[in-house]
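Student: Only the shape, not the letters, is given here:
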Ligand code: AMP
């Protein structure tokens, strides 16, 4: 049975009881408006842990754009039904003042990996993520945390955070789930117009082609420029960045012996889409 819990006071005793019987506890942090990408994390959690908690919290601290926060889709009832269908044990849905009560003053800030790309385009975003993730780990006392590679930089920030603060949790990075045309599933995709949706897959196909070219020996910069041109030609308003980076540190990298990642952010129909692939 899937339980909806809204307070830490109710969550804690339940998790303690699970742990007392030796159950491994997984957590899947989300902002709701769930899709198959989120459900894949919950399923992986269920496959690996006796108990899974999915959290739904639209974290105001990680939105640098108030309009994006206001327009963020909220579909709690449907979300709970979907999570019940994959056998999640608890859906934890705290109110903002449960997470940030009066007097809350602490920020968790991860240096280095938080700074480029998303960190530069969205000031304060990763401080918001690191702070809420640290809190959710503390609130749920989970042993394993499931995160999507869709948000690659976020995944690296969380891995660094857990390592640096010795948080007693193992982070599991899960494959990006895509639509048939390659578009990475995202809660924001519902805001695309039918025309935008029809061309949105070009972001992924352009990245894939560039990565192939780079592996075949083409110059990084040329391959990336071609990818950006394809994305613009498809009708995207703006390419914020397409970058080839060290997969772990997110710093510029031409060291082909280390894993590299191509990451992109681009605007379509006033919606900011991000994606990334290995190179
Ligand atoms: P969000 O609700 O967007 O904050 O995402 C919650 C979690 O789901 C994050 O760890 C995301 O990386 C992950 N996620 C979102 N979209 C996908 C996707 N298409 N495939 C895999 N994981 C995803």
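Tutor: Great, that's in hand. Here the structure is a predicted model, which means the values were calculated and not measured. Residues are numbered from 1 along each chain as shown.
Student: How about residues contacting the helix of greatest length in the chain?
Tutor: For the chain, the helix with the greatest residue count under DSSP state H is helix 125-140. Outside helix 125-140, the residues that touch it by CB atoms under 8 Å, 6 or more residues apart in numbering are 8, 11-12, 15, 25, 27, 29, 53, 55, 57, 59-64, 92, 94, 99, 106-110, 114, 118-119, 145, 153-154, 157-158, 161, 165, 167, 169. Using the backbone N, CA and C atoms, a C-beta is placed for each residue, glycine as well.
Student: Just the buried positions in that helix, please.
Tutor: The neighbour-count check on helix 125-140 (16 or more other CB atoms under 10 Å) flags 125-137, 139-140 as buried.
Student: anything in that helix near the ligand?
Tutor: No. Using CB under 6 Å from any ligand atom, helix 125-140 stays clear of the ligand, coming no nearer than 8.6 Å.
Student: Just the mean pLDDT for that helix, thanks.
Tutor: Mean pLDDT, helix 125-140: 98.
Student: how far is stretch 178-187 from where the chain is centred?
Tutor: Centre-to-centre, stretch 178-187 and its host chain are 14 Å apart (CA atoms, centre = their mean, to the nearest Å).
Student: Span of that stretch from start to end?
Tutor: 12 Å (CA to CA, to the nearest Å).
Student: tell me how far whichever strand or helix holds residue 12 is from the chain's mean position?
Tutor: Assigned by DSSP states H and E, residue 12 belongs to helix 8-20. In terms of CA atoms, centre = their mean, the centre of helix 8-20 is set 26 Å apart from its chain centre.
Student: Please parse this protein into its domains.
Tutor: The record's domain split for the chain, according to automatic domain parsing, is 3-174, 187-278.
Student: would residue 205 count as being in a strand?
Tutor: No. Counting by DSSP: H, G, I helix; E, B strand; the rest coil, one finds residue 205 to be helix, located in no strand.
Student: Based on its surroundings, how many neighbours for it?
Tutor: 16 (other CB atoms under 10 Å).
Student: and if you look at the one 10 residues further on?
Tutor: The burial count assigned to residue 215 is 12, neighbours taken as other CB under 10 Å.
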